[in-house]
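[1] Sequence and predicted model, in that order:
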Amino acid sequence: MNDIDLAALNILIADENRFALSILRQHLRTFDAENLFEAHSGGEAYNILCAKPIDIALIDFDMAPVSGPAFVRMVRTGQDSPNPSLPIILLVENADLNRLTVARDTGASEVLTKPLSAKMLGQRILHALENQRAFVNAESFVGPDRRRRRDAHQPDPDRREN
């Protein structure tokens, strides 16, 4: 865990719950994160994103009036979005199938369930940054490729037959 260093990153964090935001801030400081930009709503987070060079965003799912998934949609498809391919981790308290599906289908890079530990947070940030999936920009979906692994029965065009 000590080899994770986030000091060079500009990290956007958003949660309408100030206590949850302070815990998130403390966890990030464990990894020497210094450049933290805090928001209390999805709209405020989007304004920060438009004004600052953000490297990764950690956004609560249940904010109002602009929710986490609405923020993701704005980033992925907004005409004025400064970085549609920004790695975005949605934070959820209740990771039921519906929320996970919404997170995936709106274009979230990763999902992390609260309460979270500093270790899990650091690992998920590294995973989101180091293992970025191909970015899809299709009519019905914009975001990281929703497929996480290749189907064993799907032929690989780069592989020889024999």
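    That came in fine, so what should we check first?
[2] Would you mind extracting the C-alpha trace of stretch 106-116 into CSV?
    C-alpha atoms of stretch 106-116 as CSV (Å, rounded to 0.1, in the frame of the first residue of the first chain):
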residue,chain,number,x,y,z
THR,A,106,-23.5,5.8,-18.2
GLY,A,107,-19.8,5.3,-18.8
ALA,A,108,-18.2,5.1,-15.3
SER,A,109,-14.7,3.7,-15.4
GLU,A,110,-15.0,1.9,-12.1
VAL,A,111,-17.4,1.5,-9.2
LEU,A,112,-16.3,1.4,-5.5
THR,A,113,-18.7,0.5,-2.6
LYS,A,114,-18.8,2.6,0.6
PRO,A,115,-17.7,2.3,3.2
LEU,A,116,-14.3,2.1,1.7
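[3] Can you give me the buried ones in it?
    For stretch 106-116, burial by neighbour count (16 or more other CB atoms under 10 Å) applies to T106, G107, A108, S109, E110, V111, L112, K114, L116. All C-beta atoms are positioned from the backbone trio N, CA, C, and that covers glycine.
[4] how about TSV for those, with distance to N47, secondary structure and pLDDT added?
    Formatted as TSV, these follow (distance: CB to CB, whole Å; DSSP: H, G, I helix; E, B strand; the rest coil; pLDDT from 0 to 100):
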residue	distance to N47	secondary structure	pLDDT
T106	19	helix	88
G107	19	coil	87
A108	20	coil	91
S109	21	coil	91
E110	23	strand	91
V111	24	strand	92
L112	23	strand	94
K114	24	coil	93
L116	25	coil	92
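[5] quick one, helices of this protein?
    18-29, 42-51, 68-77, 97-106, 118-130 (DSSP state H).
[6] tell me the most buried of the ones you listed?
    Each of these was scored by mean neighbour count; the highest is helix 68-77, a mean of 23, by mean count of other CB atoms under 10 Å.
[7] by contact count, what packs against that one?
    helix 42-51, strand 56-60, strand 88-92, helix 97-106, strand 142-144 (3 or more CB pairs under 8 Å, 6 or more residues apart in numbering; DSSP states H and E).
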